[in-house]
Structure formats: C-alpha cells, structure tokens
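In: Make a model of this:
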Amino acid sequence: MMRSFIAIEIPKGVRDGISKIIADFKKSDYPVRWVANENLHLTLVFLGEVAEKFLDEVKEQLASVAKLVKPFEANLNGLGAFPSQRSPRVIWIGMDKGKNEVSDLQVKIEQALGTIGFKPEDRKFHPHLTIGRVKGFIKDASKIFENNYTSPDLPVNSIVLFKSTLRPEGPIYEKIQEFYFGAPPPKASGSEGG
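Out: Residues are numbered from 1 along each chain as shown. Here you go, the predicted structure:
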C-alpha cells in the first residue's frame, strides 16, 4: 500500500516567495505546523492509502486526461483558512488567475478515476495551496489574514502523482510520475515533425 496524491507542482521561485511569508509568521510563534518549502504544492486529488497495482491504473487515467488538457497560466493570491478565518485549522493561499482551469482539471481527473473505482471526497473542491496546519488555539488569528500575497504568474503544464511518507518531523513527498499536458500516451510511437 502507498499513500499518494495528485498535485500541481509549484516552481521553486514561487515556493521561495511563499517561504518568506512563512518565515515572518514563524516569528510570531503561532501554534502552527508550517509546510516546508519543498512540500509546497497544489493538491488536486488525495488518493490516500492505495495498492501499487491500483496506481498503475491511476497512471493510465492521468496520462489520458493530461493529453487532452492545454497548458495555462495561474497565480496564487490571498490568504484564507478552513473552516474559517475566525477558527482556522488549515491556512492556505488561494488562486486568482487559472482558478477555473484548475477546477475543471480536478473534475476531469476525478471523473477519470471514477471509471476505475475511486470514490472522491464529498467536499466541493476549492483550489488552494496549504501553507500551515493549526495545532492549537490562535489567540488573534485575524492578524495572519491581514497579510496579502500574490505570486507571479506560473505556467501549469503538467500534473504529478506523488508518494507521501509520513514522519514525526513532517511528511516526505516523492514524485512517482509527471504527466505533461498535450503529450501523447507513453506507448505511442513518435510522429514525424516537431
């Protein structure tokens, strides 16, 4: 069994910018476990613990979805929280540009995975990048959300299947396979021309 999820990778330059905000938050000593720079990503579908054999089927579905999607640009913008800013459990950065494209992509992936027996979450998908998980009571949480953040535009041209290994000091995410948009399925023979 392997704990895994499907996500959009965030370029290092954007991750570094987000890490600067997180560094500022850390100075305030909030009871929050902040996400490490290398783990910042935008989750599309959390698969949970699944058999490796099932992941082979997932890869086939992701390849078929990716080849039908056109690359697009997105940006990250604004801070928010689940379930609310007043009593945050998860702190995130939202999306502005590319939000609809990401939502459409997520629906396509869930529909494709439904054909191989995957049951999606009941919650409505909300494009966001998690930056922290609250571990206690934040006395004045509203101060966090006074900050604003807008990333530069980032190209979205692939989706990634990740393996997640949980450890006490934080999870490790390893890339299993990346699926580029508009790419033919892996077994297709090369066509002439560029």
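In: where does the protein dip in pLDDT?
Out: Scanning the chain for pLDDT under 70 picks out 183-194.
In: Spatially central residue in it, please.
Out: Leu42 (1.8 Å; Cα atoms, centre = their mean).
In: Please look at it and His128 and confirm they touch.
Out: Yes. Counting by Cβ atoms under 8 Å, Leu42 touches His128, with 7.3 Å between them. C-beta: built from backbone N, CA, C; applies to glycine.
In: intersection of neighbour lists for these two?
Out: In terms of Cβ atoms under 8 Å, 6 or more residues apart in numbering, Leu42 and His128 are both contacted by the residues Met95.
In: Could you measure from the nearest residue to Val107 once chain neighbours are set aside over to Val45?
Out: Nearest residue to Val107, sequence neighbours excluded (Cβ to Cβ, 6 or more residues apart in numbering): Phe125, at 7.5 Å. From Phe125 over to Val45 the distance is 9 Å, taken as Cβ to Cβ, to the nearest Å.
In: what do these two both touch?
Out: Joint contacts of Phe125 and Val45 (Cβ under 8 Å, 6+ apart) are Gln106.
In: just to revisit the earlier point, confirm that the residue nearest to the centre of the chain sits in a strand.
Out: Yes. The assignment for Leu42 is a strand, going by DSSP: H, G, I helix; E, B strand; the rest coil.
In: mind listing what it touches?
Out: Leu42 sits in contact with Ala7, Ile8, Ile10, Met95, Val102, Pro127, His128, Leu129, where contact means Cβ under 8 Å, 6+ apart.
In: one step back: I'd guessed the residue nearest to Val107 sits against Ser103; true?
Out: Yes. Proximity of Phe125 to Ser103 meets the contact threshold set by Cβ under 8 Å, at 6.2 Å.
In: who touches stretch 74-86?
Out: 10, 14, 18, 88-99, 101-102, 128-129, 141-142, 144-145, 147-154, 156.
In: Next, the distance between the ends of it.
Out: 28 Å (Cα to Cα, to the nearest Å).
In: so who does Lys97 touch?
Out: Contacts of Lys97 by Cβ under 8 Å, 6+ apart are Glu73, Ala74, Asn75, Asn77, Asp153.
In: make that Asp29, sorry
Out: Counting by Cβ under 8 Å, 6+ apart, Asp29 has no contacts.
In: what does Arg3 give?
Out: Counting by Cβ under 8 Å, 6+ apart, the residues that Arg3 touches are Leu47, Gly48, Glu49, Lys163, Ser164, Thr165, Leu166.
In: can you tell me which of those are in strands?
Out: Leu47, Gly48, Glu49, Lys163, Ser164, Thr165 (DSSP state E).
In: nearest to Glu174, of those?
Out: Lys163 (4.6 Å; Cβ to Cβ).
In: Pull up the gap between the spatially closest residue to that closest one that is not a sequence neighbour and Asp56, please.
Out: Excluding its sequence neighbours, the residue lying closest to Lys163 (Cβ to Cβ, 6+ apart) is Glu174, at 4.6 Å. For Glu174, the distance to Asp56 equals 17 Å [Cβ to Cβ].
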